[in-house]
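Peer 1: Sequence plus the predicted model coming up.
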Amino acid sequence: MVTHRGTWTLPDRAESILRALPVTVAPGTAALTVRLDHSRDAGVLDLGCLGPDGFRGWSGGARDGFTITADWATPGYLPGALEPGEWQVLLRLHRIPPEGLPYEVTATTGTRVPAPPAEPPEPPRPERPPRPALPEVDGRRWLAGDLHAHTVHSDGNYTIDELAALAVSRGLDFLAVTDHNTVSHHPWLPGSAHRYGITLVPGQEVTTDRGHANAFGPIGWVDFREPADHWLPAVERAGGLLSINHPLGGDCAWRQPVTTRTRLVEVWHSGWWDRTWGAPLAWARAWRPDVVPIGGSDFHRPGADGLPGAPTTWALVDGDPTDEAAVRDALAAGRTAVSAGPDAPLLLRLGDELLALGADGALLGYPDGRHRVVHGDRCLLPAADGLHVLESHRMEVIALCS
């Protein structure tokens with residue numbers, strides 16, 4: 001057993017926000033257990049772990065400890081053989097009070113494997129609510145989804161199965177599971193997708209104090225410690241996609257300097273609670289002219305953020321709709337739309353035309369600032385190049401379309 005204790009100060013945080021505490025793992029070690037103690041009323045320390053061979057897990061401020069064994073690990077951490085050598089317990093000094101924050105980290109190693117925690121029962125598979133049929137476009141189908149959600153693998157309350165069942169009950173066809181700074185949930189997604197009849201897109205929310213970004217695809221861990229300019233090339237080399245999350249989201253607003261700007265942006269986030277506030281659209285248009293809007297609930301637990309599908313991202317998918325790669329291909333091609341929910345008014349691009357559904361009396365805003373009134377609940381209108389917006393007479397955003 002090894003114990004590290006001390007007091008983190010504001011000068012410590014100013015010098016380096018991320019700290020590594022060494023732990024020696026001897027040959028033959030079967031389990032590593034780490035415990036972090038500090039006053040959560042006074043400050044916030046985020047927790048993670050690196051082994052000699054690289055990333056082994058992250059739980060941020062969601063947990064005060066973890067266990068890693070060859071066969072199982074605390075959610076957020078990767079099971080596997082414990083390679084001998086020097087491991088590192090990672091602490092991010094997220095919130096440090098002026099008087100300092102005392103802490104204690106205890107790491108215990110052993111040759112016996114503790115029993116894993118009991119798994120909760122699988123929830124029953126719900127029926128997906130019906131919705132009106134949408135027209136195909138060149139053989140492609142519109143699917144309803146959500147590109148931002150969390151589970152017990154970071155700071156969410158739901159297991160992957162529970163989240164999948166909830167998303168199906170909400171009428172979604174696909175869901176990206178984007179736990180913070182970890183990929184420990186990725187191996188569990190295919191089984192859950194099969195059980196509940198929903199396409200689960202592997203994701204991770206690359207999370208820093210100066211902004212968050214979602215990386216989509218089975219691409220391995222994205223090192224959040226690297227400058228943000230490194231994230232997009234790393235994700236693209238691995239065949240994934242990167243989006244900027246909730247760029248105006250309070251203390252999570254995007255403030256990272258980047259040379260190359262992503263096309264995908266989470267323009268519509270559940271935190272956009274007053275959609276007469278035009279700042280998210282202004283930010284998106286200033287970000288780059290060919291921005292591809294997506295939406296995410298950022299679901300963690302009922303009563304916080306939005307439920308899955310609030311908002312809903314629509315993807316025009318070519319090929320197998322159960323293949324998460326087909327969903328990512330649609331995002332990469334910019335074939336997206338965003339609505340308030342799966343059954344809310346909708347604006348879809350059909351080639352050179354736009355289809356407005358359930359939006360009688362709404363205003364269609366064109367990229368050049370022109371407007372025209374929508375007449376009827378199913379209305380075809382000419383399209384232009386760029387971001388189109390459906391608005392109410394109050395100038396409240398109802399739907400988006402790229």
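Peer 2: It's in.
Peer 1: drop to CA atoms for contacts and neighbour counts, all remaining ones
Peer 2: Fine.
Peer 1: Contacts only, for the closest residue to residue 51 other than its chain neighbours.
Peer 2: Distances taken as CA to CA, 6 or more residues apart in numbering place residue 87 nearest to residue 51, at 4.6 Å, with adjacent residues excluded. Residues near residue 87 by CA atoms under 8 Å, 6 or more residues apart in numbering: 22-25, 49-52.
Peer 1: Sitting in strands, which of the residues you listed do you find?
Peer 2: Residues of those located in strands (DSSP state E): 22-25, 49-51.
Peer 1: Of the contacts of residue 87, just the buried ones, PyMOL syntax please.
Peer 2: To isolate the buried members of the contacts of residue 87 in PyMOL, using 16 or more other CA atoms under 10 Å:
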select buried, resi 22+23+24+25+49+50+51
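Peer 1: Format the contacts of residue 87 as JSON lines; extra columns: pLDDT and distance to residue 237.
Peer 2: Formatted as JSON lines, those follow (pLDDT from 0 to 100; distance: CA to CA, whole Å):
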{"residue": "22", "pLDDT": "98", "distance to residue 237": "31"}
{"residue": "23", "pLDDT": "98", "distance to residue 237": "33"}
{"residue": "24", "pLDDT": "97", "distance to residue 237": "33"}
{"residue": "25", "pLDDT": "97", "distance to residue 237": "33"}
{"residue": "49", "pLDDT": "98", "distance to residue 237": "25"}
{"residue": "50", "pLDDT": "98", "distance to residue 237": "23"}
{"residue": "51", "pLDDT": "98", "distance to residue 237": "24"}
{"residue": "52", "pLDDT": "97", "distance to residue 237": "24"}
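Peer 1: ok, the residue nearest to residue 126 when sequence neighbours are not counted to residue 274 distance?
Peer 2: Leaving aside its chain neighbours, residue 126 sits nearest to residue 169 (5.7 Å; criterion: CA to CA, 6+ apart). According to CA to CA, to the nearest Å, residue 169 stands 26 Å off from residue 274.
Peer 1: Looking at these two, which has the bigger crowd around it?
Peer 2: Per other CA atoms under 10 Å, whichever of residue 169 and residue 274 has more neighbours is residue 169, with 16 against 10.
Peer 1: for that one, what are its contacts?
Peer 2: With CA under 8 Å, 6+ apart, residue 169 has these contacts: 126-129.
Peer 1: at 10 Å instead, please
Peer 2: With contact taken as CA atoms under 10 Å, 6 or more residues apart in numbering, residue 169 is in contact with 125-129, 163, 196, 308.
Peer 1: cool, residue 100 as well?
Peer 2: Residue 100 touches 6-12, 42-43, counting by CA under 10 Å, 6+ apart.
Peer 1: ok, now with 7 Å
Peer 2: 7-10 (CA atoms under 7 Å, 6 or more residues apart in numbering).
Peer 1: same check, this time on residue 81
Peer 2: Per CA under 7 Å, 6+ apart, neighbours of residue 81: 69-70.
Peer 1: go again using 10 Å as the cut-off
Peer 2: 28-31, 68-71.
Peer 1: gap between it and residue 23?
Peer 2: Taking CA to CA, one finds residue 81 at 16 Å from residue 23.
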